[in-house]
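> no sequence on hand, only this structure:
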């Protein structure tokens, strides 16, 4: 009973999922069917093709856009629009047109051409790996296309050269980096050596300056000493002109001697006076 119930529960879901897959496949087939193109749309496309042959790519672009406006599913008009834009070197704008056609075009010829031109756009942009992929997709649809085969070989060669150039460039960058590092180290060593030499020279110069300054200082000190000695000598001479303590000048000595002589005279007079006073007077009359 459990198994029967399990089957009854999941069977409608499986049927519904199968129906959804079938609907998606039908939609895909409908999208891959050639779009129904009206006569007016074809006429617009032909006018665009005539302008393209005359290399009037801007005017041709206008016609192709007009055809797509009338019928967005007109894959041939989309492919031709990509070509017109490509010829104007607007490769980035051409690429979406080619990619849309390559995915949704109903006929293999248009898809094969779209993949081929995707490869051409990638070649212009030097994206050689993507160009190789596009050319291979084109060859899967039409293996006998010699132009696509040649472009594939060219893209493979250019990719190899590009990789080799990148490797060489990386090696050169590494080598230049090593050389720059070595050169910087040598320069730093030279700079350090030069700085050391400068420091030594500066030290010698400073020593010379110090010696010179010392000599100048010594000379200044000697000059100061000489000046001091000269000044001391002058002071000594000046001092000799002046009375020294406990030392009398000649004039003072003479004055002192004169004073002593005067004092001695005074003393002698006093002595004489005393002597004269002590004598008796003779009062006898000389009768």
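That came through fine. Everything quoted here is computed from the prediction, not taken from an experiment.
> pLDDT value on residue 44, please?
In this model, residue 44 is scored at 94, pLDDT.
> report the contact partners of the closest residue to it other than its chain neighbours.
Leaving aside its chain neighbours, residue 44 sits nearest to residue 67 (4.3 Å; criterion: CB to CB, 6 or more residues apart in numbering). (C-beta placed from N, C-alpha, C; glycine too.) Counting by CB atoms under 8 Å, 6 or more residues apart in numbering, residue 67 touches 41, 44, 45, 48, 74, 77.
> who wins on neighbours among these?
The most crowded member of the contacts of residue 67 is residue 77, carrying 29 neighbours; neighbours defined as other CB atoms under 10 Å.
> which residue, neighbours along the chain excluded, lies closest to it?
Leaving aside its sequence neighbours, residue 77 sits nearest to residue 67 (CB to CB, 6+ apart; 4.0 Å).
> quick one, phi/psi of that neighbour?
Backbone torsions for residue 67, taken as degrees, to the nearest 10, come to phi -60, psi -40.
> how many neighbours does residue 161 have?
By other CB under 10 Å, 11 other residues sit near residue 161.
> quick one: which helix or strand includes it?
If you go by DSSP states H and E, residue 161 is part of helix 146-241.
> and if you look at residue 61?
Element membership for residue 61 (DSSP H and E) is helix 57-70.
> just the mean pLDDT for that helix, thanks.
Average pLDDT, helix 57-70: 96.
> other SSEs contacting the next helix or strand after that helix?
Using DSSP H and E, the helix or strand that directly follows helix 57-70 along the chain is helix 75-87. Judged by 3 or more CB pairs under 8 Å, 6 or more residues apart in numbering; DSSP states H and E, helix 75-87 is in contact with helix 39-53, helix 57-70, helix 91-104, helix 108-124.
> turn those helices into JSON lines, including distance to residue 141.
As requested, the helices and strands packed on helix 75-87 are exported to JSON lines (distance: least, CB to CB, whole Å):
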{"stretch": "helix 39-53", "distance to residue 141": "23"}
{"stretch": "helix 57-70", "distance to residue 141": "23"}
{"stretch": "helix 91-104", "distance to residue 141": "10"}
{"stretch": "helix 108-124", "distance to residue 141": "4"}
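> and those helices: which comes nearest residue 273?
Among the helices and strands packed on helix 75-87, helix 91-104 comes nearest to residue 273, with 158.0 Å by CB to CB.
> show me what the closest one is packed up against.
Judged by 3+ CB pairs under 8 Å, 6+ apart, helix 91-104 is in contact with helix 75-87, helix 108-124.
> quick one, which of the ones you listed is nearest to residue 155?
That would be helix 108-124 among these, by CB to CB, at 6.2 Å.
> ok, residues contacting stretch 157-169?
With CB under 8 Å, 6+ apart, stretch 157-169 has contacts from 123, 126, 128, 129, 132.
> which element, helix or strand, includes the fourth one?
Counting by DSSP H and E, the secondary-structure element that holds residue 129 is helix 128-141.
> average pLDDT for that helix, rounded please.
On average, the pLDDT along helix 128-141 is 96.
> stretch 100-107 too?
The model assigns stretch 100-107 a mean pLDDT of 90.
> can you tell which of the helices and strands packed on helix 75-87 is closest to residue 171?
Nearest of these to residue 171, taken as CB to CB: helix 108-124 at 26.5 Å.
> so which elements touch the closest one?
In terms of contacts (3+ CB pairs under 8 Å, 6+ apart), helix 108-124 is packed against helix 75-87, helix 91-104, helix 128-141, helix 146-241.
> give the buried residues for stretch 87-100.
91, 94, 95, 97, 98, 99 (16 or more other CB atoms under 10 Å).
> what comes into contact with that stretch?
Taking CB under 8 Å, 6+ apart as the rule, stretch 87-100 contacts 52, 55, 57-58, 61, 78-79, 81-83, 85-86, 114-115, 117-118, 121, 124-125.
> distance of residue 187 from residue 176?
Distance check for residue 187 against residue 176: by CB to CB, to the nearest Å, it reads 15 Å.
> swap in residue 50?
From residue 50 to residue 176 the distance is 56 Å (CB to CB).
> ditto for residue 115
According to CB to CB, residue 115 and residue 176 sit 41 Å apart.
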